[in-house]
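J.: how does the following fold in three dimensions:
(chains A and B)
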Amino acid sequence: MNDAARELAYAIPWRTSGVRVGAHKSYLSGSGGLFRDIVPLTVFPDPRRIAVRASLSDPFERLLVRRAEQPSSIDVVVLVDVSPSMAFEGRGNKMAIAADVAEALAIFTERTGDTFALLPFDSKLRHDLVLWKTLSRAAHLDAIDRLRRSRAERKGSEGIADAGAVIAGSRKLVFIVSDFLWSDAETRMAVEALAFHDVVPIELRDSLEIEDLPSWGLLNLRDLESGRHRLVAMRPSLKEQWLTLRNERRDRITRVLDANAREMFTIRDSIDWTRLTAYLLYGIA
Amino acid sequence: MIFAHPIALYLLPLMLIPLFLGTQKLEGYPSLAVLPPDWLSQALAWTLRFAGVLAIGGIVLGLSGIALRERKIERFGQGAHIVLLIDRSASMNDTFAGRQPSGAEESKSAAAKRLLKDFVIERKHDRFGIAEFSTAPLHVVPITDHKAMVLNAIDAIDRPGLAFTDVGRGLGMSLSMIDEDVLPGSRAIVLVSDGVAVVGRRVQEALRTDFARRPVHLYFLYLRTEGSNSMFATPPSDAEDTPQALPERHLNKFFQSLRIPYRAYEAENAKAVKAAIDDIGKLEQTPIVYTERIPQYDLSRWAYAFAALALALLLAAKLCARSLHAIPGGVHAR
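T.: This next block holds a predicted model:
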């Protein structure tokens, strides 16, 4: 965990309805911070903030009070795909990268006072790895450590629907860390389950999956997801075809996700924390 | 199909291993779901699988000593069963000119040997037997289809011979050889001689009955030495015309009187011998049944060869295999 990871930050482009004091825009108003509006004292009975000039110039001769923005905390949920395909080790280790991202996010929630929940899923929720929403730093570290050492159990990603049910309610910031090697139906289900939240898809890719495959040679591959063996006589034309198919699949997935999520952020091989932070703060990478 | 060590066949089920277990080290790949199998890879995968099966199967069959059983096949061909009755008297070792062979001149027996060998080699479907006669008849080779044996026997006919020429008993022996031969087919005796002695009257009678009993073609190839009597020539009236004086002429007459298909050839040189033999070959073209013997054939070398081929294929595949983790910078380091 380097310093850049500790500097990771995120912002939300919406107002939270959370009532706990925190660092994000909310519908609450308070007495300090950014000026928001001027209301009669009867609406906001805080005589310390009486706006003298506004009161004097009020044609109705009411006593007016300044109101300020009150930032609130939000709930951050990190959904981590722990299906077998995430166990791929190429240029990077996908599970390690996922754990790194979760850890960096956990650190920022601690700094801003947001709650942090970690919900690893495959075809169901992985209850042995789940961290329900909490402010406890020790619990965060423990959960991330368990995630780092976890092994894939079941294939599939339908568990994201369970996760959606668990975090239903007020709007939350939801990160999905996955390789997104999903079927269209699974993706659509994920989008529907998380429809009310601010969804941030973070895709983990490895250049050894397609781009850095050897152009010639025999590859003995085992599909981590289905366990099937396949001998592949790799040649430039086939590599080209694979790349096309893979990109088509990714396009299909993003088209579905784009309906209700932020633009997908892709981590290839290793994490560029600056880019990730820029993406999370400003929406552009 | 026979096996020298059939116990090795218990290992044969090992052949199925490559069908169920991979032969190569597998590497995890996130998802192949959207990547359809391509025909080349699939064909190669099955080829390698069967190469594995073939390699194990070939080695096991090779160990078990697989071989084809010896077989006999009955075939129809053109030819005959021929007994070569060859004169081994000392005069056969002279040239056609009646001299000791020297330089370019070959002896009668050497010419006969050469030409008869060609004849035997040419006549694929004939069965040959060999009898010889000089002072007494010699049973050399019974009627057989072992060509090598016949050829070796013919090779031996230019060994130095003995003095006399007992053609009558030689013929008797040939006939008895024909009696022993049970396979169907036309039979012939080729008598090769360079001068005969008198056939006694009692022997003549015995031969007459013997020849009458069975259909035999008779060919008399007379290797005439220069200056000796022709068997076809009628002697002048003042000359003595007795078997003692002109034995060949009288033998010829005797054969003609047997009322069997008979032909006489008189040859004064190798060329004439060749022509006579060709003529005999043309005449002896009746259909016969002959058995072809196909010896036991060792298939284990083929089994090993196939196994080696399959192993070479597998080795080539192994050498072509690329590992994702062998690519520089491939493995994640944390």
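
J.: quick one: the single nearest residue of chain B relative to chain A and B:Lys282, what's the gap?
T.: As assessed by CB to the nearest CB, chain A sits closest to B:Arg322 within chain B, at 3.4 Å. In this view, the C-beta of every residue, glycine as well, is placed from N, C-alpha and C. Using CB to CB, to the nearest Å, B:Arg322 is found at 71 Å from B:Lys282.

J.: circling back: which non-adjacent residue is nearest the residue of chain B closest to chain A?
T.: A:Gly217 (3.4 Å; CB to CB, 6 or more residues apart in numbering or on different chains).

J.: cool, and B:Asp145?
T.: The shortest distance from B:Asp145 to any non-neighbouring residue, by CB to CB, 6+ apart, is to B:Arg127 (4.9 Å).

J.: nearest residue to residue 198 other than its sequence neighbours?
T.: All of this refers to chain A. A:Leu173 (5.0 Å).

J.: should've been chain B
T.: In space, B:Val198 is closest to B:Pro243, 4.7 Å off (CB to CB, 6+ apart).

J.: didn't that neighbour look like it was pressed against B:Ala197?
T.: No. B:Pro243 lies out of contact with B:Ala197 (CB atoms under 8 Å); the separation is 9.0 Å.

J.: in chain B, which residue is closest to the centre?
T.: Centroid check for chain B by CA atoms, centre = their mean gives B:Lys147 as the closest residue, at 3.7 Å.

J.: any idea how far B:Asp210 is from that residue?
T.: 28 Å.

J.: which residue ranges of the chain form strands?
T.: Picked chain A for this. Under the criterion DSSP state E, strands of chain A are mapped to A:21-24, A:29-40, A:64-69, A:72, A:75-81, A:115-121, A:131-134, A:173-178, A:198-205, A:217-223, A:229-234, A:265-268.

J.: that's the wrong chain, I wanted chain B
T.: Using DSSP E, strands in chain B cover B:2-3, B:27-29, B:66-68, B:71-78, B:81-87, B:127-133, B:137-144, B:187-193, B:217-223, B:262-267, B:287-294, B:297-298.

J.: where does the stretch 1-150 of chain A dip in pLDDT?
T.: For the stretch 1-150 of chain A, applying pLDDT under 70 flags the ranges A:1.

J.: what does it have sitting close to chain B?
T.: When proximity is defined by CB under 8 Å from any CB of the partner chain, the stretch 1-150 of chain A lies next to chain B at A:Ser85, A:Met86, A:Ala87, A:Phe88, A:Glu89, A:Gly90, A:Arg91, A:Gly92, A:Asn93, A:Ala96.

J.: follow-up on the earlier one: can you lay out the strands of chain A as TSV showing mean neighbour count?
T.: Below are these laid out as TSV (neighbours: other CB atoms under 10 Å in any protein chain shown):
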stretch	mean neighbour count
strand A:21-24	17
strand A:29-40	14
strand A:64-69	20
strand A:72	22
strand A:75-81	26
strand A:115-121	26
strand A:131-134	17
strand A:173-178	26
strand A:198-205	23
strand A:217-223	20
strand A:229-234	20
strand A:265-268	18
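
J.: residue in the stretch 101-250 of chain A nearest to chain B?
T.: Closest point on the stretch 101-250 of chain A to chain B, by CB to the nearest CB, is A:Gly217, at 3.4 Å.

J.: now do the contacts for that residue.
T.: A:Met234, B:Cys320, B:Ala321, B:Arg322 (CB atoms under 8 Å, 6 or more residues apart in numbering or on different chains).

J.: go on, A:Ala190?
T.: Here A:Ala190 is in contact with A:Ser157, A:Ile160, A:Ala161, A:Gly164, A:Ile176, A:Trp182, A:Leu257 (criterion: CB under 8 Å, 6+ apart).

J.: again with A:Ile176
T.: A:Leu79, A:Asp81, A:Ile160, A:Ala190, A:Leu194, A:Val199, A:Val200, A:Pro201, A:Ile202, A:Ala261 are the contacts of A:Ile176 under CB under 8 Å, 6+ apart.

J.: same check, this time on B:Val192
T.: B:Leu84, B:Leu85, B:Ile86, B:Asp87, B:Ala112, B:Leu116, B:Leu221, B:Leu223.

J.: please look at the fifth one and B:Ala276 and confirm they touch.
T.: No. The pair formed by B:Ala112 and B:Ala276 falls short of the contact definition of CB under 8 Å, at 10.5 Å.

J.: near chain A, which residues of the stretch 1-150 of chain B show up?
T.: Looking at chain A, the residues of the stretch 1-150 of chain B close enough under CB under 8 Å from any CB are B:22, B:24-38, B:40-41, B:44-45, B:48.

J.: in helices only, show me the residues you listed.
T.: Using DSSP state H, the members of those that fall in helices are B:Leu40, B:Ser41, B:Leu44, B:Ala45, B:Leu48.

J.: just the helices in the stretch 101-250 of chain A please.
T.: A:137-148, A:159-166, A:184-193, A:236-258 (DSSP state H, counting those that start in this stretch).

J.: how is chain B divided into domains?
T.: B:2-27+B:35-69+B:296-326, B:74-292 (automatic domain parsing).

J.: could you dump the ones you listed to a markdown table with mean pLDDT and distance to A:Val52?
T.: What follows is those, written out as a markdown table (pLDDT from 0 to 100; distance: least, CB to CB, whole Å):
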| stretch | mean pLDDT | distance to A:Val52 |
| --- | --- | --- |
| domain B:2-27+B:35-69+B:296-326 | 87 | 72 |
| domain B:74-292 | 82 | 130 |
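
J.: point out the most buried one among the ones you listed.
T.: domain B:74-292 (a mean of 18; mean count of other CB atoms under 10 Å in any protein chain shown).

J.: for the helices of the stretch 101-250 of chain A, which one ends up most surrounded?
T.: Highest mean neighbour count of those: helix A:159-166, a mean of 20 (counted as mean count of other CB under 10 Å).

J.: okay, and the beta partners of the nearest residue to B:Tyr219 once chain neighbours are set aside?
T.: Excluding the flanking residues, the one nearest B:Tyr219 by CB to CB, 6+ apart is B:Val190, at 4.7 Å. In this structure, B:Val190 bridges to B:Leu84, B:Tyr219 when assessed by DSSP bridges.

J.: verify the stated contact: B:Val190 with B:Val83.
T.: Yes. In this structure, B:Val190 is within contact of B:Val83 by CB under 8 Å, at 7.2 Å.

J.: distance between the ends of stretch A:121-132?
T.: End-to-end distance of stretch A:121-132 (CA to CA, to the nearest Å): 13 Å.
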